[in-house]
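**Student:** got a predicted structure plus its sequence, pasted below:
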Amino acid sequence: GKYAKVMGINFPKLTLDRTIEVLSDVIEENRSELFHVITVNPEITMACQKDTSLRSIIEEAGLITADGVGIVMVSRLRGGNLPERVTGYDTLLRLLDSGNQKKWSFYFLGADPHTNEKVCEVIRNKYPALSILGRHHGFFTQSEEDKIVDEIGTLKLDILVVALGAPYAERWIHQHKSKLHAKIAIGVGGSLDVIAG
Ligand code: UDP
């Protein structure tokens, strides 16, 4: 089949290359609904075993990837054969690269204030043809959150990158899904810290 079931989660058998093709298609197709991408790491896998709300967030996602060598190994023992681990970090780097070629628009939400500013500078230099329409650090108050959601909603983004930590980022995207008006939203864990250096 097209899926491998590990710990009750149905992972599509996609390589990183194929994942990026799927996401490029989503952007070109101009869908009306936000496409939520979740890179399911061991932390999320464990958390959703007893957290039914997190499990339904995963089930409702547009695409999930297997972000753990353990998940890939278990799939192979069971003959489900996931082709490879697909991390949030690798997916983000490839999206930045494709975005630079295809002039996609991005918003970077999350990380501490200094890192958030720094990472946007680094990305602007390295990927000058993509556009960064906005950014905000990930330590905001409730009233700031409302403004951030409204601002993001007006931008009609291609990709909203959310670095708030897992599974908080996944819950955040799901909670605000209908107001974000982005084509794709993806939680990327600590990736912005890594890119900012
Ligand atoms: N983070 C944030 N707001 C928060 C908590 C965390 O912006 O309220 C950021 C943190 O600065 C880091 C990222 O979320 O850049 C990922 O955090 P962590 O490494 O703890 O999460 P994981 O990699 O396990 O998803």
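**Tutor:** Looks like it arrived, so ask away.
**Student:** interface residues of this protein facing the ligand?
**Tutor:** Neighbours of the ligand within the chain, by CB under 6 Å from any ligand atom: 43, 110-112, 138-139, 163-166, 189-190, 192-193. Placement of C-beta: from N, CA and C, glycine included.
**Student:** keep only those of those that are in helices.
**Tutor:** Glu43, Leu192, Asp193 (DSSP state H).
**Student:** so where's this structure uncertain?
**Tutor:** Residue ranges of the chain with pLDDT under 70: none are present.
**Student:** can you pull out the strands in it?
**Tutor:** Applying DSSP state E to the chain gives strands spanning 3-6, 9-12, 35-40, 63-66, 105-110, 131-136, 159-163, 184-187.
**Student:** reformat those as CSV; add mean neighbour count.
**Tutor:** Formatted as CSV, those follow (neighbours: other CB atoms under 10 Å):
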stretch, mean neighbour count
strand 3-6, 18
strand 9-12, 18
strand 35-40, 24
strand 63-66, 24
strand 105-110, 25
strand 131-136, 18
strand 159-163, 26
strand 184-187, 27
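**Student:** can you redo these as JSON lines with distance to Tyr89?
**Tutor:** Listed next are those as JSON lines, based on distance: least, CB to CB, whole Å:
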{"stretch": "strand 3-6", "distance to Tyr89": "21"}
{"stretch": "strand 9-12", "distance to Tyr89": "18"}
{"stretch": "strand 35-40", "distance to Tyr89": "9"}
{"stretch": "strand 63-66", "distance to Tyr89": "11"}
{"stretch": "strand 105-110", "distance to Tyr89": "14"}
{"stretch": "strand 131-136", "distance to Tyr89": "18"}
{"stretch": "strand 159-163", "distance to Tyr89": "10"}
{"stretch": "strand 184-187", "distance to Tyr89": "11"}
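**Student:** contacts only, for the closest residue to Arg124 other than its chain neighbours.
**Tutor:** Excluding its sequence neighbours, the residue lying closest to Arg124 (CB to CB, 6 or more residues apart in numbering) is Ile132, at 6.3 Å. By CB atoms under 8 Å, 6 or more residues apart in numbering, the residues touching Ile132 are Ser105, Phe106, Tyr107, Phe108, Cys120, Ile123, Arg124.
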